[in-house]
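**Q** sequence? don't have it. structure:
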């Protein structure tokens, strides 16, 4: 049965479920919830609702399920593959008012939060406890969005992804049923693992209304270094050797020269404009980190590293990390008028040099296309921001082909079509190639939890079977 | 539709699928595959088959599904909750001949293995690579069994459980379909997470025929210490403080005095017969570990630790770890003629002292019952081996009640009914209390993957709804 658009009765009923100021059909509100940070075309919802309790969400989902109305959960809209764009219109559930820290369980290294909490603000609140939530996608992401997307980032090489930090979830299912999943013990072998099924499900199996997250101890000391190399391949070999050495870096980021140039221009760092690695180390003492830095320097020098600039200064490290996180914005400002795609693949670490070389060679072949290569190298994760003028049909054709060839190469190397940005709209077409016969089982699980297909419809599964 | 027993035609057909020596209905063979290491009553299968390929398994499962014949996968039979006992008879698939290391992917920190590989033998094979597979349940478990059970053990406090090390699986589903799940990249946000759904599913969703596992680097140096305390509660408070301190122990094991006494007797360690912690540390240099040991000692001394015996000697540490792993066997030998249950719960770490105190008080109330308390304290995991003469009805009634009260307390504290032994038969009755409404969704997933209920039937879900 196809999904419906909202009629007047639907609008009246939904408006009756929440306070008047928490339900809107205003133009600017609908526009704000029509697109994420990707280039995927905007689609407006028909209504935006700001629930405050799981019971309100249950009532909305129960009604929507009966009436076959699309429901898409909305965090910060910071995703990069069109993940929360309400493709079929319908209802957007914004979590902007469910953004409370419910309980900091300091002695258990845990926190209970509502999904609308921004992870950076949560970490700010936590700073006096000596604890933090490590996954670090960079943007102003909400915890709900990070769970939906199994978000990761610069610190994942040491600390893991969001999936490694979710202990317990409260979820409202499509029919309005509320279930609790998981427990607060640090380990369990009890029953089927529903927890990981919901993490990374992009809002397509249910709507998370509360989460208990594991936290990690804030390290006593930070150290970092920027190393510059004669080639991107040399830098990526140094990545491989660092991982092999047993050093446990807290960040291991690759920047191709075009990225270093942008960062220099925007932040005046005076870095050599060569392929560079940013390495961060966490540890209990400065001495320990200084020892580790010496090992990392030796590895880098073996790959003909020209400059190795180490630091034990927290403030300078913060400036550099901020600049790294702002890179996407810097690229946007350098090419106003362009549209962009972020290619995001991950491969087994031994194939990282090969993957990087392939992606850059392919990018060079595409005329009128700008390409910036960087990535969470320690995870074998490559980002390439490719852009062209929005109306340059030929360039966009080339970008499409480039993305396809890079993904095909990543899959051939045993990797994944999407390292951390999720499937959304942009990666949907690669799902059959990546998952083969198991994609059909993902689809069956989707049908089990959401038989009428109301939750974030049109995503993950290409409609041509 | 109920499951069937095998008729002559079934026996003939199944025997035709494999070489004659790989299919047996011999008495002793059936007996060997009728029980694990728990006290749950033996149930014999009707045939044992030793497949060698996934295609053979697919053919067996296809036939079994059509004929509604029970199929239970069998690793080493080392589980503790009756997990692989073929409750409905039928076919046991033994993985004893699918025990090949397929590929050591040293530069990716990965290994491809068949499920019949014994994890200790795998680690022995890996010793020259500088890599190892950390989960460490102690017994002669197979990788397949560890995946089915999401096994963990002494090293989990630092290194995590089996679920944290599974990258990719090949699985044969109930109908005979073969699917591949996951990939070789260290991270991914692609599609629904089927991988974690199969890990810990106790052979009830499908049969794993190959796995790619992550490996960790063998640490350069080992240090350890045994600390003795005036009370189990003081020892468990030292556990809590050690975890809070940011020290990252590789093992943090609690032994109540009755366990220390057994170990002394069997291995002549000359430990003080008091509640004790065994602490293991891994690190790159001896200096680093000596520093950490000093911090741990200070924490222990604050809890009135009477003796702190540190060591940097690998051989003595190996002797101690061996003794810890042999504790179950020592208890059995000390009480021949008894039957035993291993209570296994896990709780949030802040409640560990309370949980330990409760369990020991309750155990003292049970007459004619012996109780040994120990556990993976760093994970908030408690084991209590309780035993009585097999025919002592009153004692077994008391043990039943003790187990129920300990599990109820663990759930009340936010923990889990089964820290690492799985559900099997023994923990089935606690599933409704632990999982509430989400248990029904686990059941629906089971029905989705195995609509005829042929895979390891009678487990996990209590039949009274």
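**A** That came through fine. These numbers come from a predicted model, not from an experiment.
**Q** Leaving out the residues flanking it, which one is nearest to residue A:165?
**A** residue A:214 (4.5 Å; Cβ to Cβ, 6 or more residues apart in numbering or on different chains). Any C-beta I mention is one placed from the backbone N, CA and C, and that applies to glycine too.
**Q** wait, what's in contact with the one you found?
**A** Contacts of residue A:214 were listed using Cβ atoms under 8 Å, 6 or more residues apart in numbering or on different chains, and they are A:109, A:110, A:164, A:165, A:166, A:167, A:186.
**Q** which sections of the stretch 51-200 of chain A are below the confidence cut-off?
**A** The stretch 51-200 of chain A contains no residues with pLDDT under 70.
**Q** How about the residues of it by chain B?
**A** Residues of the stretch 51-200 of chain A found near chain B (Cβ under 8 Å from any Cβ of the partner chain) are A:105, A:107-110, A:149-152, A:156, A:161, A:163-164, A:177-181, A:183-197, A:199-200.
**Q** Okay, buried residues for the longest helix belonging to chain A please.
**A** Looking across chain A with DSSP state H, the single longest helix is helix A:393-412. By neighbour count on 16 or more other Cβ atoms under 10 Å in any protein chain shown, the buried set for helix A:393-412 is A:395, A:396, A:398, A:399, A:402, A:403, A:405, A:406, A:407, A:409, A:410, A:411.
**Q** Do a quick rundown of the helices in the stretch 351-465 of chain A.
**A** A:352-365, A:393-412, A:431-435, A:438-449 (DSSP state H, counting those that start in this stretch).
**Q** just to revisit the earlier point, put the buried members of the residues of the stretch 51-200 of chain A next to chain B into a PyMOL selection.
**A** Buried residues within these, by 16+ other Cβ under 10 Å, are selected in PyMOL with:
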select buried, chain A and resi 105+108+109+110+149+150+151+152+156+161+163+164+177+178+179+180+181+183+184+185+186+187+188+189+190+191+192+193+194+195+196+197+199+200
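**Q** Just the residues of the stretch 51-200 of chain A next to chain B: which are in helices?
**A** A:149, A:156, A:194, A:195, A:196, A:197.
**Q** Just send those residues back as CSV, with distance to residue B:446 too.
**A** Below are those laid out as CSV (distance: Cβ to Cβ, whole Å):
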residue, distance to residue B:446
A:149, 27
A:156, 32
A:194, 12
A:195, 17
A:196, 16
A:197, 13
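**Q** which two from those residues end up farthest apart in space?
**A** Farthest pair in those (Cβ to Cβ) is A:156 and A:194. Separation: 23.2 Å.
**Q** Pull the contacting residues for residue A:275.
**A** A:228, A:229, A:230, A:231, A:232, A:234, A:235, A:254, A:255, A:256, A:257, A:260 are the contacts of residue A:275 under Cβ under 8 Å, 6+ apart.
**Q** how about 6 Å then?
**A** A:229, A:232, A:235, A:256, A:257 (Cβ atoms under 6 Å, 6 or more residues apart in numbering or on different chains).
**Q** Quick check on residue A:114: phi, psi?
**A** phi -80, psi 160 (degrees, to the nearest 10).
**Q** try residue A:31
**A** Dihedral angles of residue A:31 (phi, psi; degrees, to the nearest 10) stand at phi -60, psi -40.
**Q** Leaving out the residues flanking it, which one is nearest to it?
**A** residue A:44 (6.4 Å).
**Q** any idea how far residue A:463 is from the one you found?
**A** For residue A:44, the distance to residue A:463 (Cβ to Cβ, to the nearest Å) stands at 21 Å.
**Q** who's more crowded, these two?
**A** Ranked by neighbour count (other Cβ atoms under 10 Å in any protein chain shown), residue A:44 and residue A:463 place residue A:44 first, with 18 against 6.
**Q** Quick check: the more buried one touching residue A:32?
**A** No - in this structure, residue A:44 is not within contact of residue A:32 by Cβ atoms under 6 Å, at 9.5 Å.
**Q** So which bits of stretch A:258-271 are buried?
**A** Neighbour-count burial for stretch A:258-271, counted by 16+ other Cβ under 10 Å, picks out A:258, A:259, A:260, A:261, A:262, A:263, A:271.
**Q** Closest one of those residues to chain B?
**A** residue A:259 (21.0 Å; Cβ to the nearest Cβ).
**Q** so what's the backbone phi/psi at that closest one?
**A** According to degrees, to the nearest 10, residue A:259 has phi -80, psi -40.
**Q** That one touches residue A:372, doesn't it?
**A** Yes - taking contacts as Cβ under 6 Å, residue A:259 lies within contact range of residue A:372: 5.4 Å.
**Q** Can you name the residues that contact the residue of the stretch 1-150 of chain A found nearest chain B?
**A** Using Cβ to the nearest Cβ, the closest approach of the stretch 1-150 of chain A to chain B is made by residue A:107 at 3.9 Å. Residue A:107 makes contact with residue B:350, according to Cβ under 6 Å, 6+ apart.
**Q** Kindly report the same for residue A:374.
**A** A:254, A:255, A:259, A:383.
**Q** which of those residues has the most neighbours?
**A** Busiest of these [other Cβ under 10 Å] is residue A:255, holding 28 neighbours.
**Q** Do you know the pLDDT at it?
**A** Per-residue confidence (pLDDT) for residue A:255: 95.
**Q** That one reaches residue A:276, doesn't it?
**A** Yes - between residue A:255 and residue A:276 a contact is recorded at 4.7 Å, counting by Cβ under 6 Å.
**Q** rewinding a little: pLDDT wise, what is the residue nearest to residue A:31 at?
**A** You'll see residue A:44 listed with a pLDDT of 98.
**Q** Before we go further, it is sitting in a helix, right?
**A** No - Residue A:44 is assigned coil when assessed by DSSP: H, G, I helix; E, B strand; the rest coil, not a helix.
**Q** And the strands in the stretch 201-350 of chain A?
**A** A:207-214, A:216-217, A:221-228, A:251-255, A:276-283, A:307-311, A:338-346 (DSSP state E, counting those that start in this stretch).
**Q** Please apply the same query to the stretch 51-200 of chain A.
**A** Remark: strands assigned in the stretch 51-200 of chain A by DSSP E, counting those that start in this stretch are A:71-74, A:91-94, A:101-105, A:110-113, A:131-132, A:166-172, A:178-182.
**Q** Could you export these as JSON lines, including distance to residue A:59?
**A** What follows is the strands of the stretch 51-200 of chain A, written out as JSON lines (distance: least, Cβ to Cβ, whole Å):
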{"stretch": "strand A:71-74", "distance to residue A:59": "12"}
{"stretch": "strand A:91-94", "distance to residue A:59": "12"}
{"stretch": "strand A:101-105", "distance to residue A:59": "21"}
{"stretch": "strand A:110-113", "distance to residue A:59": "22"}
{"stretch": "strand A:131-132", "distance to residue A:59": "35"}
{"stretch": "strand A:166-172", "distance to residue A:59": "10"}
{"stretch": "strand A:178-182", "distance to residue A:59": "11"}
